[in-house]
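*Asks:* fold the following, please.
(one chain, ligands or ions: 1)
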Amino acid sequence: GHDTTGHGGGVHAAWLPPEAFAPLGSRRVLVRGDGMLVDTVFDEVERACAGHGGRADRTAGDREVDLVLALRDAGPLPAPAAALARAAGAGGPLGAEGFALARAEGVTVVLADAPAGLLYGLFHVVRLGAAAFEGDHPARRHAPAMARRMLDHWDNVDVHPVMGQVERGYAGGSIFWRAGAARRDLDRVRAYGRLLAACGVNAISVNNVNVHATEARLLTGRLGDVAELADALRPYGVRVHLSVTFAAPVVLGGLPTADPLDPAVRAWWAAATRQVYERIPDFGGYVVKADSEGQPGPFTYGRDHADGANLLAEALAPFGGVVHWRAFVYNHRQDWRDRSTDRARAAYDHFAPLDGRFRDNVVVQAKFGPIDFQPREPVSPVLAAMPATRLAVEFQVTQEYTGQQQHVCYLAPCWSEVLTFAPWGPGGPTVADVAAGSGPGPATGGGLAAVANVGDDPFWTGHPLAQANLYAYGRLAWDPGLDPIAVLDEWIDLTFPASTVGDPALVRETLHAVMDDSWRTYERYTAPLGVGFMVSPARHHYGPDVDGYEYSRWGTYHFADRDGVGVDRTRATGTGFTGQYPQPWSQVYESLSDCPDELLLFFHHVPYGHVLRSGSTVIQHIYDTHFAGVQQVAQMRQRWRRLAGVIDPAVHARVAERLDEQLRCAIEWRDQVNTYFFRKSGVPDVRGRAIH
Ligand code: BDP
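*Replies:* As a prediction, the model looks like this:
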């Protein structure tokens, strides 16, 4: 394949091929300021200009300039840039990562107070393309909504016998680790850091939250490997975090206990953490999955999650580090007949009572929904229940439950719905406000985290179009108010610059037709009305298995019988989960008539003939959406054919191949789900289509 990263390594298209810099490449650019990230900006500009008629300078001289990228304290700028910079910076400090952009009299100025701001300003100019050098731009300030915009790699150092190199990875091996050791060639990691900076991600954790023996040693004996990654990513403003095991004092330190209140345990963590910061002074902190799905945690010692999280927070505090403590805690050994153990309730039941007890460098990281990254879930009530705790929202960019990067499923519309959801009612603070620290409570925000979808695949993400999810995640973490479809346009412009494709308008139109509604399409042909799961346990959650988890200890049920389907989570007759929401949602979800259709079976058990708000019955809705979903995939596949010969043939072929598989799998879903509910209910399809 052709190398478009500019970093070698022979990897295929991602955003930022050299052509994306073309509008900048012919300009006279002045970069002013000192620091590693300013050097990065200069290197980027210099590379863009090489051979394209432009030139990059670091000293003003008296040459005319088209673009100035300057730190505020970097010394005098040539007029008229100086006046423009004063105007751009007039509104006060721009912050650690913010910048301001203005254009007048033929000069564009990007001003920042700190080097990271200049880097994000550069990539903003690249996104603007030719428009950055046209007309006048009144001064506009930009700053991220979330201070930490993080990706969690579930990468194993050793190849795990069941999960492989990357747990829930669908893009080949890890870009960090290979079969038990660190990769020595860090070009790919550097190229990754660059892609992350261009979409705004500024933190990653480099190993799986399920910490196995080899991975545990990253904290101590193998720290050098982590330091190398940190060195490779630092020039792009990306800080490294590490998943650690709560049992580290025992398994690494040889202590008899990991009890968080034991002074020897506290001393062990303090010493281990000090050593981490000696090697990696800007280390971000720890990520912890404790007392969850077999991982060790404070429960073993009769302590709670606040005791556990505070232990690590205390060790990190002197160095400014944070602990991301995951709220994904539930009993995965349930008795399916005991409905009081509703898995949806678990995170709230464990964490809400602890509000106010966490140190301020603890971030409680909650999955966006109460269960587990399903294509449709209500927003987790934990996010509205801990006003005195720093909360981070966790998304799954890797498509474990959304087609495993075999299916096109552009997830930004789903994330946008979550981020703009107002837990205290319309017009009130949103989930994004809570994560950003501007919610109703006193806590500063914990930002966003997401499980990563990148591997050593030549297209980075297996499915080339899955790159858009990674890009959009970073952009929404920067600005949760962005329109997901406009973000897709950005990604299209940066990934398929007009000069690199045969027919730019057709490319844009086709990508929108294939991607805009792809999340809802996926929802249509999979589990209906928010009931979730129905995925195959045997095939690692890929493809349908309606009863796959129905009688299992993992606790994800649909309760279908001959009369009806759905999980009764009401206070009146069910598990009481609706009571975990503030008003008005508690009442909306409790009410059979007010509950939104798309979540009906998440909250209620209803007869097949129940009439939805849409006017359709539940059973007819199931049939209709499953037929419609398959039809839409067939159309997506048709549309894609029109791009043959228009875009990079390797990208075209890979997507075409996966659309074939998506159609096969969607048909499988449709037929199994429809047949299942037809046989249970005995209700025929009013449109008389073939269901057996
Ligand atoms: C589930 C995944 C599992 C993860 C777990 C988690 O199937 O691989 O370990 O989430 O978030 O969705 O810890």
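*Asks:* tell me the secondary structure at the residue of the stretch 351-500 of the chain at minimum distance from the ligand.
*Replies:* Proximity of the stretch 351-500 of the chain to the ligand (C-beta to the nearest ligand atom) peaks at Asp372, 4.5 Å away. For the C-beta atoms, the positions are set from N, CA and C on the backbone; glycine is no exception. Put simply, Asp372 is coil when judged by DSSP: H, G, I helix; E, B strand; the rest coil.
*Asks:* let me see the contact set for it.
*Replies:* Taking C-beta atoms under 8 Å, 6 or more residues apart in numbering, we find Asp372 in contact with 328, 401, 556.
*Asks:* in the sheet, which residues pair with the most centrally placed residue in the chain? Tell me.
*Replies:* What sits nearest the mean C-alpha location of the chain, by C-alpha atoms, centre = their mean, is Ala450, with 3.4 Å. Beta bridges link Ala450 to Leu151, Phe395, judged by DSSP bridges.
*Asks:* and Phe123, how many residues sit next to it?
*Replies:* For Phe123, the count of nearby residues is 20 (other C-beta atoms under 10 Å).
*Asks:* and it, how far from Val655?
*Replies:* From Phe123 over to Val655 the distance is 26 Å, taken as C-beta to C-beta, to the nearest Å.
*Asks:* how about the strands of the stretch 551-692 of the chain, start to end?
*Replies:* For the stretch 551-692 of the chain, applying DSSP state E, counting those that start in this stretch gives strands covering 564-565, 606-607.
*Asks:* how about the ones you listed, which one is nearest the ligand?
*Replies:* Among the strands of the stretch 551-692 of the chain, the nearest to the ligand by C-beta to the nearest ligand atom is strand 564-565 (23.0 Å).
*Asks:* pLDDT weak spots in the chain?
*Replies:* Applying pLDDT under 70 to the chain picks out residues 1-13, 62, 336-337, 339-340.
*Asks:* so who does Glu293 touch?
*Replies:* 210, 332.
*Asks:* now whichever helix in the chain runs longest, how far from the chain's geometric center?
*Replies:* With secondary structure taken from DSSP state H, the chain has its longest helix at helix 649-681. Relative to its chain's centre, helix 649-681 lies at 25 Å (C-alpha atoms, centre = their mean, to the nearest Å).
*Asks:* out of the strands of the stretch 551-692 of the chain, deepest packed?
*Replies:* Most buried of the strands of the stretch 551-692 of the chain, by mean neighbour count (mean count of other C-beta atoms under 10 Å): strand 564-565, with a mean of 23.
*Asks:* contact partners of it?
*Replies:* Against strand 564-565 from outside (C-beta under 8 Å, 6+ apart): 531, 558-559, 601, 605-608, 610, 618, 677, 680.
*Asks:* okay, and the residue lying closest to Asn156 once chain neighbours are set aside sits in which element?
*Replies:* Closest residue in space to Asn156, ignoring its immediate chain neighbours: Asn208 at 5.3 Å, by C-beta to C-beta, 6 or more residues apart in numbering. Using DSSP states H and E, Asn208 sits in no helix or strand.
*Asks:* do the same with His124
*Replies:* Per DSSP H and E: His124 is located in helix 115-128.
*Asks:* pairing partners for the helix or strand that comes right after that helix, with directions?
*Replies:* Per DSSP H and E, the first helix or strand lying C-terminal to helix 115-128 is strand 137-142. If you go by DSSP bridges, strand 137-142 pairs up with strand 99-104 (antiparallel).
*Asks:* on that earlier part again, need the contacts of Asp372 in TSV (columns: distance to the ligand and neighbour count).
*Replies:* Shown next, in TSV, are these (distance: C-beta to the nearest ligand atom, whole Å; neighbours: other C-beta atoms under 10 Å):
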residue	distance to the ligand	neighbour count
Phe328	5	21
Tyr401	7	23
Thr556	11	22
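*Asks:* using CSV, lay out these together with distance to Arg637.
*Replies:* Converted to CSV, the contacts of Asp372 look like this (distance: C-beta to C-beta, whole Å):
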residue, distance to Arg637
Phe328, 36
Tyr401, 22
Thr556, 31
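*Asks:* which parts of the stretch 301-450 of the chain are strands?
*Replies:* Counting by DSSP E, counting those that start in this stretch, the strands of the stretch 301-450 of the chain are 322-326, 362-367, 390-396, 447-451.
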